[in-house]
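K.L.:
Can you look at this prediction? I've put the sequence above it.
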Amino acid sequence: IRLAGQAWLDTAAGVQLSPQARRAGLVFQHYALFPHMTAHANVALAAGPGWTPDDVQGLLARLGLGALSGRRPSQLSGGQQQRVALARALVRVMAKPTAAHAVVPEALPGVLLLDEPFSAVDAPTRQTLYRELAALRQKVLVPMVLVTHDLAEARRLADRVVIVDAGQTLQTGEPARVFASPRNARVAELVGIQNHFAGRFFKDRPGWGRLRWTDAARPEQSIDLAVIDKNKIDDGTPVTWVLNGEQVDVLGDGDATDAGHERMEAGVNRMRCRLVEVLSLGEISLCTLSPEGWPGQLITLNLTTRLLRRLNVAAGDGVQLQIAPAALHIMPMRSAP
């Protein structure tokens, strides 16, 4: 195990650095603060060379804990404990502050490990801590590894995401790409994509393909959708595919210019559907739709309640879906082992 050229563990060479010698700052899921020590003492215990008590107090103050540094963990709220844990992790990987206006002016070779650090705090505190972590990333150049089961949190905070399942890495990349273009059906399931279907891919004109949406229960029925051809799937290949609801526009039933069941024109997919169910979740409504004449297939979309009111539609009414080709991500169907 090496970090910035420094060997932390090399069994062949007999190298095994002690925890004190490794610059790894760890924020535990439940903070793991020493209960008999004050906030200041918890942080000072982990401080690297050069940190003075005044430096530690300055860091706590910049994290909004200056007046609380003398309290023990039992006297702090969950959010305050989380900030103490974050400060304790930071002093392991940061050089001594040299400017009063900077929390951490210089990062030493190290890594900051965050184990679901926001799971035990309330929503307002979580939002505040998100902002603090985002600001911290702009000030220090130290790798941060965040473990989370919260997909929204990963999309909001990460530069890169790694989808791990049963100890194996399934996909890694920028959040927008991984969540919109899962590598396989298992990744699609893990990132919470609900609209997952079967079909067959056909090549069309250069750069474009045709996705035939099929149903094993109704082989005589199908819907053709225009998709982007990335030249990675052969003509006629059975595929599974997912629909990214964020790239679907919902129109009123009378807003369509054509009277057909669906159309593919200049890369535009338009499909008439019926609202099967509308469950209001405050500003967002969870909507289940069925393509017209095909009740066996269901599409789930999160639509704003404001949009539904503007369209004046409810369960049982018809709407038109306008689906961007980029919203359709196709994957080869893998045979069972």
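P.N.:
That came through, no problem.
K.L.:
Test my guess that residue 8 contacts residue 18.
P.N.:
No - contact criterion CB atoms under 8 Å: residue 8 and residue 18 do not qualify, at 9.9 Å. (Glycine included, C-beta is placed from N, CA and C.)
K.L.:
where does the stretch 1-150 of the chain dip in pLDDT?
P.N.:
Within the stretch 1-150 of the chain, the segments meeting pLDDT under 70 span 95-109.
K.L.:
can you map out the helices along this protein?
P.N.:
Secondary structure of the chain (DSSP state H): helices located at 39-46, 53-62, 78-93, 123-139, 151-157, 175-180, 185-190, 305-311.
K.L.:
The ones you listed into JSON lines, with extra columns for mean neighbour count and distance to residue 215?
P.N.:
Output for the helices of the chain, formatted as JSON lines (neighbours: other CB atoms under 10 Å; distance: least, CB to CB, whole Å):
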{"stretch": "helix 39-46", "mean neighbour count": "22", "distance to residue 215": "58"}
{"stretch": "helix 53-62", "mean neighbour count": "18", "distance to residue 215": "58"}
{"stretch": "helix 78-93", "mean neighbour count": "23", "distance to residue 215": "48"}
{"stretch": "helix 123-139", "mean neighbour count": "13", "distance to residue 215": "41"}
{"stretch": "helix 151-157", "mean neighbour count": "15", "distance to residue 215": "28"}
{"stretch": "helix 175-180", "mean neighbour count": "17", "distance to residue 215": "24"}
{"stretch": "helix 185-190", "mean neighbour count": "17", "distance to residue 215": "17"}
{"stretch": "helix 305-311", "mean neighbour count": "14", "distance to residue 215": "27"}
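K.L.:
residues touching residue 287, list them.
P.N.:
275, 277, 278, 279, 300, 301, 302, 303, 308 (CB atoms under 8 Å, 6 or more residues apart in numbering).
K.L.:
With respect to residue 269, which of these is nearest?
P.N.:
Proximity of the contacts of residue 287 to residue 269 (CB to CB) peaks at residue 301, which lies at 14.5 Å.
K.L.:
hey, which strand is longest across this protein?
P.N.:
Assignment by DSSP state E gives strand 268-281 as the longest strand of the chain.
K.L.:
Quick one: residues in contact with that one.
P.N.:
If you take CB under 8 Å, 6+ apart as the criterion, strand 268-281 is touched by 223, 225-226, 253, 256, 258, 261-263, 285-292, 298-299, 305, 308, 313-325, 328.
K.L.:
Now, of these, which are buried?
P.N.:
Buried by 16 or more other CB atoms under 10 Å: 223, 225-226, 256, 262-263, 285, 287-292, 298-299, 308, 313, 319-325, 328, out of the contacts of strand 268-281.
K.L.:
circling back: mind checking which of the contacts of strand 268-281 land in strands?
P.N.:
With DSSP E as the criterion, strands contain 223, 225-226, 262-263, 285-291, 299, 318-323, 328 from among these.
K.L.:
Let me know whether residue 32 touches residue 85 as I believe.
P.N.:
Yes - at 7.3 Å, residue 32 counts as touching residue 85 under the criterion of CB under 8 Å.
K.L.:
for residue 69, phi and psi?
P.N.:
phi -60, psi -20 (degrees, to the nearest 10).
K.L.:
just checking, it touches residue 54?
P.N.:
No - counting by CB under 8 Å, residue 69 stays clear of residue 54, with 11.3 Å between them.
K.L.:
ok, now how distant is residue 43 from residue 54?
P.N.:
The gap separating residue 43 from residue 54 is 12 Å, by CB to CB, to the nearest Å.
K.L.:
ditto for residue 235
P.N.:
Residue 235 is 70 Å from residue 54, where distance means CB to CB.
K.L.:
count of neighbours near the closest residue in space to residue 327 that isn't next to it in sequence?
P.N.:
Residue nearest to residue 327 in three dimensions, not counting chain neighbours: residue 247, with 3.5 Å by CB to CB, 6 or more residues apart in numbering. Around residue 247 sit 14 other residues, with neighbours defined as other CB atoms under 10 Å.
K.L.:
what sits against residue 247?
P.N.:
Going by CB under 8 Å, 6+ apart, residue 247 touches 180, 323, 324, 326, 327.
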